[in-house]
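Colleague: Have a look; sequence and predicted model below, questions after that.
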Number of protein chains: 2
Amino acid sequence: MTGRADRLARVALNWLLEPGHLIGWEMVHAYGAPEALWRILNDPACHSATRNTAAARLRAGDPLQTAEGFLTRAEQVGARLLVPGDEEWPEQVADLRTIDLRSDRERVDRDTRPPLCLWARGPLPLAASLARSVAVVGARAATEYGDRIASEIGFDLASQGWTVVSGGAFGVDGAAHRSALRAGGVTIAVLACGIDRPYPSGNTALFERISETGLLLSEWAPGEPPLRHRFLVRNRLIAAATRGTVVVEAAARSGAIQTLGRAHALPGRTAMAVPGPVGSLMSVGCHDALRNQPGTRLVTSAADILEEVGSIGDDLAPRPRGTVQDRDRLDEDSARLLDAFPHGREITADQLSARAGIDPRTTLRRLALLVELGFVVDHGGSYVLVPPRRVPPS
Amino acid sequence: MTGRADRLARVALNWLLEPGHLIGWEMVHAYGAPEALWRILNDPACHSATRNTAAARLRAGDPLQTAEGFLTRAEQVGARLLVPGDEEWPEQVADLRTIDLRSDRERVDRDTRPPLCLWARGPLPLAASLARSVAVVGARAATEYGDRIASEIGFDLASQGWTVVSGGAFGVDGAAHRSALRAGGVTIAVLACGIDRPYPSGNTALFERISETGLLLSEWAPGEPPLRHRFLVRNRLIAAATRGTVVVEAAARSGAIQTLGRAHALPGRTAMAVPGPVGSLMSVGCHDALRNQPGTRLVTSAADILEEVGSIGDDLAPRPRGTVQDRDRLDEDSARLLDAFPHGREITADQLSARAGIDPRTTLRRLALLVELGFVVDHGGSYVLVPPRRVPPS
């Protein structure tokens, strides 16, 4: 945990400059958040456009008082603030510091720096949940076809212990979230507004379910509205937080294709698109990306996706080796440990040892075996069960 | 025209060894066809497996008498024999001499050498017709979707002056041929049997129409039946004769995908596949090729296809430069020449000069302009009109 001054300053800067701000992030990187805030507010030699941006927001209130207000509100709605250095912080988002989109004439293509802070709501630890994650995104106006494919992919990814990340929108996003929940898996909705007022409100029940078993995540403080440009700023986080981005359906120019572009520009992220019927307007964006964005991989299933994100190596997280074996063939200790595993959440070796009544040393040995056999994933010291593969719903 | 002895020997060798035969072709290349035939028939030092192959066929008759019989039959059915050196011979098929499919355990992957001779039936000159050509192939059991896309692509390619080459089968092949005819364009059916008994007989009316305005083409002599393995041997010719091969629909393991593999293995040919709905068994082959055959290009339309085959350079034929302009802006002589053009067939500058009543020198100058502006294509001394773009049928 970093100090309270740092946390408050990050929240304040994020509010003053909006997430992703190029100069803001560079200044925090150079001086630390408190001094960066002080310079922007008080140093006439500081970058003038940045000072002007901050000045516009300053009319709405004092930055540190506003930040305090956000923290209070977060506490009220059961949300928490995360900043770099926190155990839950997903280190991979730092890759955004080097993102180069070549066209930086648009502000949304220039202000793509890493988040200064994140707001999270839900029971799961963020970094561990993102260690094996794929973004499944696409058109709000998905066709029945897109809806079905997103559901199949979301279900199968979640069934195999992968976290399904999406934007919480209608259409493809919602189908991906819902199917991950249906599989008893983990899903994270990355929002472009406060995690206490997730948008669109038509998905309120979905957001509630996600916040109970997965995570709602946002760079915007509680209470912040979903302004139009925030969705495009948010997309860089979806691409950076995950191992790869899959576009299921997208029109010719769409937010999902923009997310895919960020995945292309980030190191080690796989950019994927699902093909569809030629002539379907909702597949034009996917086909166009597959034709014209070199390196975009065609995928038709969760198996294809895992082949792709698996091939980028184990830099983000360990993956289960081997294949899931028949439980009946396990030795007695291993079977007992497996039975003692909680469903859908992590457990340390010590906790598991206690639950199963097996000494810690044997527990550690058997856990290594269970990881090797693909029953369990090691999230750097804590372990999580790989759910058994189920048949997707028709 | 090469000598009669050469022609007869090529026909005889083709019959004795079947098209594509590796050793047969190497011997013709080394000694010429008549001596190659003599050695295979009489030289005990000649490659024994090749002699054995020939010996099996020899029981059915004398090779040169059989060849004479084929030529007589060809004359009766209005077909002609083509051999290398003939003006109509498509030089590009010689690229098959270097084809390397890496797996040559199967005979069909080893015997991929250039044709020794070709049988043609139809009014068009073969080489000129193939100069701007694309193979459009796919599943016999095409879905309504595959049928529609093949029709759109065939129509649009033919409308833009490109020859549509396919295998004359049910499904995708037939749709491609038919739509090219509907566009008033040129189509060539490459058969795996004699051009007097095109297979399948259910497409007899189609073959008749093709032979009236386009070409039926085969390596097999008149009267030869469509044996199963001949289709796979034939496919290398479809890939080699054209600038690129498009698979519209194909099951996981299919002849069309094999043709695509030949296009991959040949220099300068573009391998293309049309995506389709995930879950459609008839798109599995296309998606698999797009995922796992590096260099396969996703295409959704004739425009995409022409973008691809255009990009391999002008090594096979001149392409129209510039874009099609408004006829109204042409000078009077150019407009008169354009009006004098026959539709759908080639004309020499002299013939056009006579038809239009414009002196030969002016005709040549204006033709250069018309080529430059994209109205006309120069097929090495004879010219053909680029048909105006029409709207495809719904």
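Modeller: Received the coordinates, thanks. Residues are numbered from 1 along each chain as shown, chains lettered A, B, ... in the order given.

Colleague: In the stretch 151-300 of chain A, which residue sits closest to chain B?
Modeller: residue A:275 (3.3 Å; C-beta to the nearest C-beta). C-beta: built from backbone N, CA, C; applies to glycine.

Colleague: tell me which element that residue falls in.
Modeller: Mapping residue A:275 onto the secondary structure by DSSP states H and E places it in no helix or strand at all.

Colleague: looking at it, it is touching residue A:288, isn't it?
Modeller: No. With contact defined as C-beta atoms under 8 Å, residue A:275 does not reach residue A:288; the gap is 11.3 Å.

Colleague: So is the lengthiest helix in chain A next to chain B?
Modeller: Counting by DSSP state H, the longest helix found in chain A is helix A:144-159. Yes. Taking C-beta under 8 Å from any C-beta of the partner chain as the criterion, helix A:144-159 and chain B are in contact, through A:145, A:149.

Colleague: I'd like the mean pLDDT over that helix, please.
Modeller: Taken as a whole, helix A:144-159 carries a mean pLDDT of 97.

Colleague: One more: stretch A:5-25?
Modeller: So the average pLDDT for stretch A:5-25 ends up being 97.

Colleague: what about dumping the CA coordinates of it to PDB?
Modeller: Output in PDB follows, covering the C-alpha atoms of stretch A:5-25 (Å, rounded to 0.1, in the frame of the first residue of the first chain):
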ATOM      1  CA  ALA A   5      -1.200  11.400   0.000                       C
ATOM      2  CA  ASP A   6      -0.200   9.500  -3.100                       C
ATOM      3  CA  ARG A   7      -3.600   7.900  -3.400                       C
ATOM      4  CA  LEU A   8      -5.500  11.100  -3.000                       C
ATOM      5  CA  ALA A   9      -3.200  12.900  -5.500                       C
ATOM      6  CA  ARG A  10      -3.800  10.200  -8.000                       C
ATOM      7  CA  VAL A  11      -7.500  10.400  -7.700                       C
ATOM      8  CA  ALA A  12      -7.400  14.200  -7.900                       C
ATOM      9  CA  LEU A  13      -5.200  14.200 -11.000                       C
ATOM     10  CA  ASN A  14      -7.300  11.600 -12.600                       C
ATOM     11  CA  TRP A  15     -10.300  13.800 -12.000                       C
ATOM     12  CA  LEU A  16      -8.600  17.000 -13.200                       C
ATOM     13  CA  LEU A  17      -7.100  15.600 -16.400                       C
ATOM     14  CA  GLU A  18      -9.200  12.500 -17.200                       C
ATOM     15  CA  PRO A  19      -7.600   9.100 -17.400                       C
ATOM     16  CA  GLY A  20      -4.800   8.400 -19.900                       C
ATOM     17  CA  HIS A  21      -3.600  12.000 -20.000                       C
ATOM     18  CA  LEU A  22      -0.100  12.000 -21.600                       C
ATOM     19  CA  ILE A  23       1.500  14.900 -19.700                       C
ATOM     20  CA  GLY A  24      -0.200  14.000 -16.400                       C
ATOM     21  CA  TRP A  25       1.100  10.500 -16.500                       C
END
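
Colleague: Buried ones in the strand or helix carrying residue A:41, by neighbour count?
Modeller: Of the helices and strands defined by DSSP H and E, residue A:41 is found in helix A:33-42. Of all the residues in helix A:33-42, those buried under the rule 16 or more other C-beta atoms under 10 Å in any protein chain shown are A:33-34, A:36-37, A:39-41.

Colleague: didn't residue A:219 look like it was pressed against residue A:114?
Modeller: No. The pair residue A:219 and residue A:114 fails to qualify as a contact (C-beta under 8 Å) at a distance of 10.0 Å.

Colleague: Quick check: end-to-end length of stretch A:79-89?
Modeller: For stretch A:79-89, the separation between the terminal residues is 15 Å (C-alpha to C-alpha, to the nearest Å).

Colleague: Give me the contact list for that stretch.
Modeller: Under the contact criterion C-beta atoms under 8 Å, 6 or more residues apart in numbering or on different chains, stretch A:79-89 has outside partners A:1-2, A:6-7, A:10-11, A:71, A:74, A:91, A:94, A:116-121, A:125-128, A:195-196, A:216, A:222.

Colleague: So which of the residues you listed are in helices?
Modeller: Members of the contacts of stretch A:79-89 lying in helices (criterion: DSSP H): A:6-7, A:10-11, A:71, A:74, A:126-128.

Colleague: Perfect, that will be all.
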